[in-house]
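**Q** Below are the sequence and a predicted model; questions follow.
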Amino acid sequence: MSEPNWALSRKRQRLTERAQIIQSIRSFFIDRGYLEVETPHRIPANAPEPHIDAIASGTCALHTSPELAMKRMLAAGYEQLFQICRVWREGERGQFHLPEFTLLEWYRGGIDYNALMNECMELLFVLLPEGKLNRGGRTIDLTMPWHKLTVTEAFTQYASMDLNQALASDCFEEILTGEVEPHLGKEKPTFLTEYPSSLAALARSKPGEPKVAERFELYIDGLELANAFSELTDAEEQRRRFEKDEELRRTAGKTPYPLPEKFLAELENMPKAAGIALGLDRLIMLITEAEKIDDVVAFGPDDL
């Protein structure tokens, strides 16, 4: 008779907490009138992002996010949506990364990204009503309001070069992850806001300030937890951005992706809205004081 899988057995407490956290999240959104939805995991085309690679599945791909399908639902008249689902990204592996992980995404019509910041704070207060998070012997204060920092301010405070220099040198991501992120959210959660328009992705430009986008990322203890937008609803502008990103992918020698034509065709029907993707495994890791993401999933890729 073989030995029990003790490494898996030792995860019982955290996996129990994980289940409780997910149930609390579902209750949070259902109580606020959100509809829980399910969209396909295998799709013809993801958004062509330069730094995210999809995993092929026959002639299709596994989705890197349920974003495009959920926005099509917004365009069809669904006003408040949330989804907890598995997503896949090629080559993502490390202390805080899994190639298959769980995302919480929610979308709401009639709001901008400021309202999503409030919902993030309210969600964490429900999950941690004592208003604090313990990490490595330190206490992170979750009481509202949380810190806000623009990308320009963050690079000025923490980086070896300013934002414009980083963009011109094509090293924005390297400096953000290596020099800026480790300082964010150490005392209080931090919203990193106002990304340059060249990094707007699917976010709209800020009214009156076209050089920046209404996009934020949420950081706690130096770890990125969420990425959010006031959604772009201009189909022509979105197509131009997709085409530019696809050109960057091809220049880098990456697998060509088709454009998501059905999404682009329906985008003009989408109302003013905001949406957010939150890494659920990372959030659970923080709440349960785990050191690595493998501690809060039953099986990591190396366990199979």
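**A** The structure has been received and is ready for your questions. Numbering: from 1, shown residues only.
**Q** Give me the buried positions along stretch 275-289.
**A** Along stretch 275-289, these residues count as buried under the neighbour rule (16 or more other C-beta atoms under 10 Å): 275-288. C-beta: built from backbone N, CA, C; applies to glycine.
**Q** ok, Gly33 touching Gln80?
**A** Yes - taking contacts as C-beta atoms under 8 Å, Gly33 lies within contact range of Gln80: 5.6 Å.
**Q** who's more crowded, these two?
**A** Gln80 (17 against 9; other C-beta atoms under 10 Å).
**Q** Next, the contact list for that one, please.
**A** Counting by C-beta atoms under 8 Å, 6 or more residues apart in numbering, Gln80 touches 32-35, 106-109.
**Q** For Thr177, see how far away Ile293 is.
**A** Going from Ile293 to Thr177 by C-beta to C-beta, to the nearest Å gives 16 Å.
**Q** From the buried residues of stretch 275-289, which land in helices?
**A** Counting by DSSP state H, those place 280-287 in helices.
**Q** Kindly reformat these as TSV and extend each row with pLDDT and distance to Phe191.
**A** Listed next are these as TSV, based on pLDDT from 0 to 100; distance: C-beta to C-beta, whole Å:
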residue	pLDDT	distance to Phe191
Leu280	98	19
Asp281	98	21
Arg282	98	16
Leu283	98	15
Ile284	98	21
Met285	97	20
Leu286	97	16
Ile287	97	19
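**Q** about what we covered before: go through the buried residues of stretch 275-289 and name the one nearest Arg240.
**A** Gly275 (20.3 Å; C-beta to C-beta).
**Q** still on that earlier bit, which of Ile293 and Thr177 has more neighbours?
**A** Taking neighbours as other C-beta under 10 Å, Ile293 and Thr177 compare with Ile293 leading, 21 against 12.
**Q** Quick check: what element follows the host helix or strand of Ala226 along the chain?
**A** Per DSSP states H and E: Ala226 is located in strand 223-230. Remark: after strand 223-230, the chain's next helix or strand is helix 235-251, criterion DSSP H and E.
**Q** Tell me the buried residues in that next one?
**A** 235, 238, 241-242, 245-246, 249.
**Q** same check, this time on stretch 162-179
**A** So for stretch 162-179, counting by 16+ other C-beta under 10 Å, buried means 163, 166-167, 172, 175-176, 179.
**Q** now, which of the residues you listed lie within helices?
**A** Using DSSP H, these in helices are 163, 166-167, 172, 175.
**Q** Could you export the residues you listed to a markdown table, including columns for pLDDT and distance to Glu217?
**A** Output for those, formatted as a markdown table (pLDDT from 0 to 100; distance: C-beta to C-beta, whole Å):
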| residue | pLDDT | distance to Glu217 |
| --- | --- | --- |
| Leu163 | 95 | 15 |
| Ala166 | 95 | 16 |
| Leu167 | 94 | 17 |
| Phe172 | 95 | 13 |
| Ile175 | 96 | 15 |
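**Q** now for those, which pair is the farthest apart?
**A** Leu167 and Ile175 (10.0 Å).
**Q** so who does Ala45 touch?
**A** By C-beta under 8 Å, 6+ apart, the neighbours of Ala45 are 61, 68, 257-261.
**Q** Could you look up the SS state of it?
**A** Three-state assignment for Ala45 (DSSP: H, G, I helix; E, B strand; the rest coil): coil.
**Q** And it, how far from Tyr257?
**A** Counting by C-beta to C-beta, the gap from Ala45 to Tyr257 is 6 Å.
**Q** Overlap of the contact sets of these two?
**A** In contact with both Ala45 and Tyr257: Ala61, using C-beta under 8 Å, 6+ apart.
**Q** Do a quick rundown of the helices in the stretch 51-200 of the chain.
**A** 67-75, 113-127, 151-158, 163-168, 172-175 (DSSP state H, counting those that start in this stretch).
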